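Chemist: here is my input, please return the structure:
(one chain, ligands or ions: 1)
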Amino acid sequence: MVTRQEILDWCGNTLQVANFTDYAPNGLQVEGCTNIGKIVTSVTASLAAIEYAVAQQADMLLVHHGMFWKSEPVTITGWKKQRIATLLQHQINLVGYHLPLDAHPELGNNAQLAKRMGWVLEKQTGEQNLLNIGCLSEKQSLTVVAAMLAHTLEREPVVVGDHSKQIKKLAWCTGGAQNFFQQAIDEQVDAYITGEISESQYHLANETGVAFISAGHHATERYGVQALGEAIRGRFGVELYCFDEQNPA
Ligand SMILES: [Zn+2]
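Modeler: Below you'll find the model as predicted:
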């Protein structure tokens, strides 16, 4: 058994939470029991994830997308009441790390996606170091890059660009980072990969010749929280379970 505070201190320090400006609180979001023996990880603190944590008799639900986003109503009603009531009833701590978990050079979503895809990081840049510039170990066509993403993430990406184009230099940012596309274009990459696409990126891709791949918000952000969970298990010896759901978005 380890205390919740020991885990929170270690995560806060490891992820350098104090260095980030975020849209939701990082760290403890809903307080549960004091001692932690079992942790469930999930991309999002959905009711399905919370119910899985209840079924596992977990002491902590560790997520990338927690609750209490700046843009949402502050009242605890409806779906939010249901989530919080279930957590409190079962004394499950809800702990979330958002941007610090995107950016961490080893455990982060960006780093973990690159590791699985064999992409070589050259630099982290842009807003809070969230945009990653790097390259493929060897040139591949856009079709092949997209196929590798589809295979690894088990989800068909949306691809805009000339499918025969040879790709070497890449930019990527997991999740809903379609608005970094202009910056990726400025970095003179061959392709930009993120989790979501909006209408305007289609035109930018066509007009600049920089390919755009939308590989899924959930799919591209599946691995950071799993890596963080594994690191906590390695450090503190807790029991660890991973919850995943087939979120097509
Ligand atoms: Zn996200």
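Chemist: tell me how many other residues surround Gly175.
Modeler: Gly175 sits with 23 neighbouring residues when counted by other Cβ atoms under 10 Å. C-beta here means a position set from N, CA and C on the backbone, and glycine is covered the same way.
Chemist: quick one, phi psi at it?
Modeler: Main-chain torsions, Gly175, degrees, to the nearest 10: phi 80, psi -150.
Chemist: could I get the contacting residues of the closest residue to it other than its chain neighbours?
Modeler: Once flanking residues are discounted, Gly175 sits nearest to Gly195: 4.7 Å by Cβ to Cβ, 6 or more residues apart in numbering. The contact partners of Gly195, taken as Cβ atoms under 8 Å, 6 or more residues apart in numbering, are 174-177, 214-221.
Chemist: do the same with Arg155
Modeler: 215-216, 219, 248.
Chemist: surely Cys11 and Arg235 touch.
Modeler: No - if you go by Cβ atoms under 8 Å, Cys11 and Arg235 don't touch, sitting 9.7 Å apart.
Chemist: and the residue of this protein that's closest to the ion?
Modeler: Residue of the chain nearest the ion, by Cβ to the ion: Gly175 (3.2 Å).
Chemist: and that residue, what is it in contact with?
Modeler: Per Cβ under 8 Å, 6+ apart, neighbours of Gly175: 102, 109, 194-196, 217, 220-221.
Chemist: rerun at 10 Å
Modeler: 43, 64-65, 98-99, 102, 109-110, 130, 194-196, 216-218, 220-221, 224 (Cβ atoms under 10 Å, 6 or more residues apart in numbering).
Chemist: now find how far off-centre stretch 139-156 is within its chain.
Modeler: 19 Å (Cα atoms, centre = their mean, to the nearest Å).
Chemist: same check on stretch 151-166?
Modeler: 20 Å.
Chemist: check stretch 76-87 too.
Modeler: The answer for stretch 76-87 is 23 Å, by Cα atoms, centre = their mean.
Chemist: now the helices for the protein?
Modeler: Under the criterion DSSP state H, the chain contains helices at 4-14, 47-55, 78-89, 99-103, 109-117, 142-153, 181-186, 199-208, 217-220, 223-236.
Chemist: redo the ones you listed as CSV? Include mean pLDDT.
Modeler: Listed next are those as CSV, based on pLDDT from 0 to 100:
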stretch, mean pLDDT
helix 4-14, 98
helix 47-55, 98
helix 78-89, 98
helix 99-103, 97
helix 109-117, 97
helix 142-153, 97
helix 181-186, 97
helix 199-208, 98
helix 217-220, 98
helix 223-236, 98
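Chemist: export those to CSV and tack on mean neighbour count?
Modeler: Listed next are the helices of the chain as CSV, based on neighbours: other Cβ atoms under 10 Å:
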stretch, mean neighbour count
helix 4-14, 16
helix 47-55, 18
helix 78-89, 14
helix 99-103, 25
helix 109-117, 22
helix 142-153, 18
helix 181-186, 19
helix 199-208, 14
helix 217-220, 25
helix 223-236, 20
